[in-house]
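Student: Give me a 3D structure for the following:
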Amino acid sequence: MASTISNAALTVTVTEKLTLNGRDHGSSQKITISGVNEVSKRILTAAITPGTQIYAGGDAAGLGTFVTDNVKYIRITNLDDSNAVVLHFSDGSAHYSQHLLGAGQVFFLTDVSASFDAATTIDAFDGENIVRIDAMSEHLTEPVDIEILVASA
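Tutor: You can find the predicted model right below:
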């Protein structure tokens, strides 16, 4: 059986609207990511502790696992109206990065296969690829709802 799904382009637009002292300081930026033919979107609850694995990268696709070289775009949105979530990005070794995503905030990533490049980080990473993303409630008192969208080839 041949697939009937054709590659598509994902267009991401970030619009900033700001009028300050009567002057427009807004901006709109658009990127187009071509070659997308797979998408995974889900809403889930990030646990209080030890956290919830929300993404796995590897060499083969599976349940919650994406082929690292094919991932073109990841968006993580904190759906909570008052609590922050900690995003923990790992390259599969002892190296990692953590980002605090406040209530209602959005995190975009357009390339997981070069994100930990040793030439662009202060602490040289053994690997270049993000192979795991975990999310955990910042205050460890209430779980936080998040949305994750992964677009890949």
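Student: Correct me if wrong: Ala8 contacts Val36.
Tutor: Yes - when contacts are counted by C-beta atoms under 8 Å, Ala8 is listed as touching Val36 (5.3 Å). For every residue, glycine as well, the C-beta is placed using N, CA and C.
Student: and those two? which has more neighbours close in?
Tutor: Set side by side, Ala8 and Val36 show more neighbours around Val36, with 16 against 13, by other C-beta atoms under 10 Å.
Student: check contacts around the residue nearest to Ile43 when sequence neighbours are not counted.
Tutor: Spatially, and ignoring its direct neighbours in sequence, Ile43 is nearest to Glu147 (4.9 Å; C-beta to C-beta, 6 or more residues apart in numbering). By C-beta atoms under 8 Å, 6 or more residues apart in numbering, Glu147 lies in contact with Lys41, Arg42, Ile43, Arg75, Ile76, Thr77, Leu79.
Student: Can you tell me the closest non-neighbouring residue to the last one?
Tutor: By that I understand Leu79. Excluding its sequence neighbours, the residue lying closest to Leu79 (C-beta to C-beta, 6+ apart) is Asp145, at 4.2 Å.
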